[in-house]
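[1] heads up, no residue letters with this:
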Ligand SMILES: [Fe+2]
Ligand SMILES: [Fe+2]
């Protein structure tokens, strides 16, 4: 097993570890600005591999910020290992995440972010966008790097399997296939609206946590993803006693 690190746009690096037993990839993103930021810490067991890969670009001790989309092992598991390795580093996540988990569990106080807050990293700036319960967890949020218009969309558009660093392949089909398998998204009346709100940022790059980085125009893809969840919610509401309306919905058209 190895963590592969590749530059996906100027001074932004994708670190990817494929776990064959699970047929699943876990990514982190390093924004190598004056104040370097790592988005997603990764699981504790992967810390040696991931930190070794980061060190190919910057000394780990230079990390200034750690951030993650929500509190789960693959997003936040090795938080304190990073805080130990980088004495200047601080966790920057949403106020809900601080309140629920980070204030208590991080070895140093975090920097709480409210929706729309910007961290100036020096040469790059990231805006925090709160997405409660989207795709899951109350503390959910994403980061938007404004100089490259890169949306670090976390678990949105999650794909199964091993993926290249960059892709132009279909986003929706693989995301719905993974949704059929995992049922990882919290279907609520706000799910589609929250995803549509991300589309208004007009991202030109999508950086998936479990999948590749895409370059292009993604307003439509985000609207389509929102449509898929709106239809799934409607289906669940129509058949409240059956999970079959949600899981294993077959080909892509019926999966909508
Ligand atoms: Fe997650
Ligand atoms: Fe994840």
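    Looks like it came in fine. Bear in mind that the values here come from a model prediction, so they are computed numbers and not experimental data. Residues are numbered from 1 along each chain as shown. Ligands and ions are numbered 1, 2, ... in the order given.
[2] now do the strands in the protein.
    Using DSSP state E, the strands of the chain run over 3-9, 12-19, 24-31, 37-39, 65-67, 90-94, 111-113, 118-120, 125-130, 141-145, 150-154, 166-167, 205-208, 213-215.
[3] include mean pLDDT when you put those into TSV, please.
    Formatted as TSV, the strands of the chain follow (pLDDT from 0 to 100):
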stretch	mean pLDDT
strand 3-9	98
strand 12-19	98
strand 24-31	98
strand 37-39	98
strand 65-67	98
strand 90-94	98
strand 111-113	98
strand 118-120	98
strand 125-130	98
strand 141-145	98
strand 150-154	98
strand 166-167	96
strand 205-208	98
strand 213-215	97
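[4] make JSON lines from those and add distance to residue 197 and mean neighbour count to it.
    Every C-beta, even on glycine, is put in place using the N, C-alpha and C of the backbone. Shown next, in JSON lines, are those (distance: least, Cβ to Cβ, whole Å; neighbours: other Cβ atoms under 10 Å):
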{"stretch": "strand 3-9", "distance to residue 197": "23", "mean neighbour count": "17"}
{"stretch": "strand 12-19", "distance to residue 197": "23", "mean neighbour count": "21"}
{"stretch": "strand 24-31", "distance to residue 197": "21", "mean neighbour count": "24"}
{"stretch": "strand 37-39", "distance to residue 197": "19", "mean neighbour count": "25"}
{"stretch": "strand 65-67", "distance to residue 197": "19", "mean neighbour count": "26"}
{"stretch": "strand 90-94", "distance to residue 197": "15", "mean neighbour count": "25"}
{"stretch": "strand 111-113", "distance to residue 197": "16", "mean neighbour count": "19"}
{"stretch": "strand 118-120", "distance to residue 197": "17", "mean neighbour count": "15"}
{"stretch": "strand 125-130", "distance to residue 197": "8", "mean neighbour count": "20"}
{"stretch": "strand 141-145", "distance to residue 197": "10", "mean neighbour count": "25"}
{"stretch": "strand 150-154", "distance to residue 197": "12", "mean neighbour count": "27"}
{"stretch": "strand 166-167", "distance to residue 197": "25", "mean neighbour count": "16"}
{"stretch": "strand 205-208", "distance to residue 197": "15", "mean neighbour count": "24"}
{"stretch": "strand 213-215", "distance to residue 197": "19", "mean neighbour count": "21"}
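[5] what number of residues lie near residue 138?
    14 (other Cβ atoms under 10 Å).
[6] tell me which residue of the stretch 1-150 of the chain lies closest to ligand 1.
    residue 72 (4.5 Å; Cβ to the ion).
[7] ok, that residue to residue 108 distance?
    Per Cβ to Cβ, to the nearest Å, residue 72 is found 21 Å from residue 108.
[8] can you check residue 172 too?
    Counting by Cβ to Cβ, the gap from residue 172 to residue 108 is 40 Å.
[9] compare these two and say which is more crowded by neighbours.
    Remark: of residue 172 and residue 108, residue 172 carries more neighbours, 17 against 13, as counted by other Cβ under 10 Å.
[10] spit out the contact partners of that one.
    Contacts of residue 172 were listed using Cβ atoms under 8 Å, 6 or more residues apart in numbering, and they are 221, 224-225, 228, 252.
[11] how near is it to ligand 2?
    From residue 172 over to ligand 2 the distance is 18 Å, taken as Cβ to the ion, to the nearest Å.
[12] next one, pLDDT for that residue please.
    Reading off the confidence values, residue 172 has pLDDT 97.
[13] then residue 237?
    Value for residue 237, per-residue pLDDT: 89.
[14] same question, the one 5 residues further on
    The model reports residue 242 with a pLDDT of 61.
[15] the one 10 residues further on now?
    Reading off the confidence values, residue 252 has pLDDT 38.
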